[in-house]
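Novice: need the 3D shape of this:
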Amino acid sequence: MISQFITYPDIIENTQNYPILLIDATQTEIENIGLFCKTADVGFDIYLYREDIHDLQWLSQVEPKVLSILTSINSKVSMNADDELYFGQDEDIVNPLSYFQFIEDMYQWEELDLKVEQDLNEEQYYGA
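Specialist: Residues are numbered from 1 along each chain as shown. Sure thing, here's the model as predicted:
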């Protein structure tokens, strides 16, 4: 799958990828996510935001388009959204890469469940 990093002021309107807003990740964290995405079975649209951008209107436009918001515990920016998760030392998500890996694993299980369900339906239909 093809993933893409989206930076201010861009917004993607129609996508089939899993959209995530990543706030104040370090350059190394972003590079590690990029390397992961090259081999991932899930496509991601990754909105990148740094607190020095100072455009809360852009953030408010992006927020309804994403399924997850990952914010560094070192950030001064907070979306105060139900789907906002914090990453960093002493958090459940130590680094954002682990969350991307979790999403990929979740999608692989979901695809497997759909395949098993399809096989069971075919068995019932064909009487195998």
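Novice: ok, now which ones touch the residue sitting nearest the centre point of the chain?
Specialist: In the chain, the residue lying closest to the centroid (Cα atoms, centre = their mean) is I20, at 3.6 Å. With contacts defined as Cβ atoms under 8 Å, 6 or more residues apart in numbering, I20 is in contact with F44, D45, I46, Y47, V66, L67, S68, I69, L70, Y99, F100, I103. Just so you know, the C-beta spots here come from the backbone N, C-alpha and C atoms, and that holds for glycine as well.
Novice: of those, select the buried ones using a ChimeraX command.
Specialist: Command for ChimeraX that selects the buried part of the contacts of I20, burial taken from 16 or more other Cβ atoms under 10 Å:
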select :44,45,46,47,66,68,69,70,99,100,103
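Novice: dump the contacts of I20 to CSV, plus distance to D90 and secondary structure.
Specialist: Listed next are these as CSV, based on distance: Cβ to Cβ, whole Å; DSSP: H, G, I helix; E, B strand; the rest coil:
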residue, distance to D90, secondary structure
F44, 26, strand
D45, 29, strand
I46, 24, strand
Y47, 25, strand
V66, 25, coil
L67, 25, coil
S68, 20, strand
I69, 19, strand
L70, 16, strand
Y99, 16, helix
F100, 20, helix
I103, 22, helix
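Novice: for the contacts of I20, give me TSV that also has pLDDT and distance to F36.
Specialist: Converted to TSV, the contacts of I20 look like this (pLDDT from 0 to 100; distance: Cβ to Cβ, whole Å):
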residue	pLDDT	distance to F36
F44	96	9
D45	97	15
I46	98	11
Y47	98	17
V66	94	18
L67	91	17
S68	93	15
I69	95	19
L70	96	14
Y99	94	11
F100	95	6
I103	92	11
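Novice: out of the contacts of I20, who's nearest I30?
Specialist: Of all the contacts of I20, I46 has the smallest distance to I30: 8.3 Å, by Cβ to Cβ.
Novice: relative to V94, how far out is Y49?
Specialist: 20 Å (Cβ to Cβ, to the nearest Å).
Novice: check Q101 too.
Specialist: From Q101 to V94 the distance is 12 Å (Cβ to Cβ).
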